[in-house]
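Asker: This is a predicted model, with the sequence first.
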Amino acid sequence: MILISACLAGINVRYNGTNSLNEKIQKLVLENKAVTVCPELMGGFTTPREPAEIVGGNGHDVLDGKARVVERSGRDVTELYLKGANATLQKAREIGATKVVLKEYSPSCGSAMIYNGEFNGTKLVGVGVTTALLQRHGIEVVSEEQFLTN
């Protein structure tokens, strides 16, 4: 079974109340070949919500207590991101996920690139908090781009 970011299946869970629909991914969900998850909602956020970025590193640094996840207004939301990451790990284990497909650039879900923490649209190499936790537990995480090209 595959675990997939809910926004990729067309569910309006992104910070701004939209989705990132990919019809091929949505089809997997409709065919019961994939299950959706939104780490941010599982962490306690609502939709819409203020955008957040990792400040001071990447998802691995957040797990190690060396970086924080902060909203544009400056509010530290690290604990909610950690809660969502742990809930996603639990869900992946429950369904026996063999692969997890998460939305690139997200502070939760980025698997290759994330925003730089300055809220200026600049991206850098790195992973989100949920991706980092799943990787530490031996679960393969890919972006929608990687998944669709394989």
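Answerer: Happy to help now that I have it.
Asker: Name the next helix or strand downstream of the longest helix along the chain, please.
Answerer: Secondary structure assigned by DSSP state H gives helix 78-95 as the longest helix of the chain. Remark: after helix 78-95, the chain's next helix or strand is strand 99-102, criterion DSSP states H and E.
Asker: what's near enough to touch residue 131?
Answerer: Contact partners of residue 131, counting by Cβ atoms under 8 Å, 6 or more residues apart in numbering, are 59, 102, 108, 109, 110, 111, 141. All C-beta spots, glycine's among them, are computed from the backbone N, C-alpha and C.
Asker: separation between the residue lying farthest from the centre of the chain and residue 123?
Answerer: Distance from the C-alpha centroid of the chain, by Cα atoms, centre = their mean, peaks at residue 31 (22.5 Å). With the distance defined as Cβ to Cβ, to the nearest Å, residue 31 ends up 32 Å from residue 123.
Asker: Residue 13 too?
Answerer: Distance from residue 13 to residue 123, by Cβ to Cβ: 21 Å.
Asker: again with residue 77
Answerer: Distance of residue 77 to residue 123, given as Cβ to Cβ: 20 Å.
Asker: Give the residue from those two that has the larger number of neighbours.
Answerer: A direct count of neighbours by other Cβ atoms under 10 Å for residue 77 and residue 123 places residue 77 higher, at 21 against 13.
Asker: So residue 69 lies in a helix, does it not?
Answerer: No: Residue 69 sits outside any helix when classified using DSSP: H, G, I helix; E, B strand; the rest coil, being strand.
Asker: how close does the closest residue to residue 114 other than its chain neighbours sit to residue 141?
Answerer: Among residues not flanking residue 114 along the chain, residue 126 sits closest, at 4.5 Å (Cβ to Cβ, 6 or more residues apart in numbering). For residue 126, the distance to residue 141 (Cβ to Cβ) stands at 13 Å.
Asker: Right, I'll leave it there.
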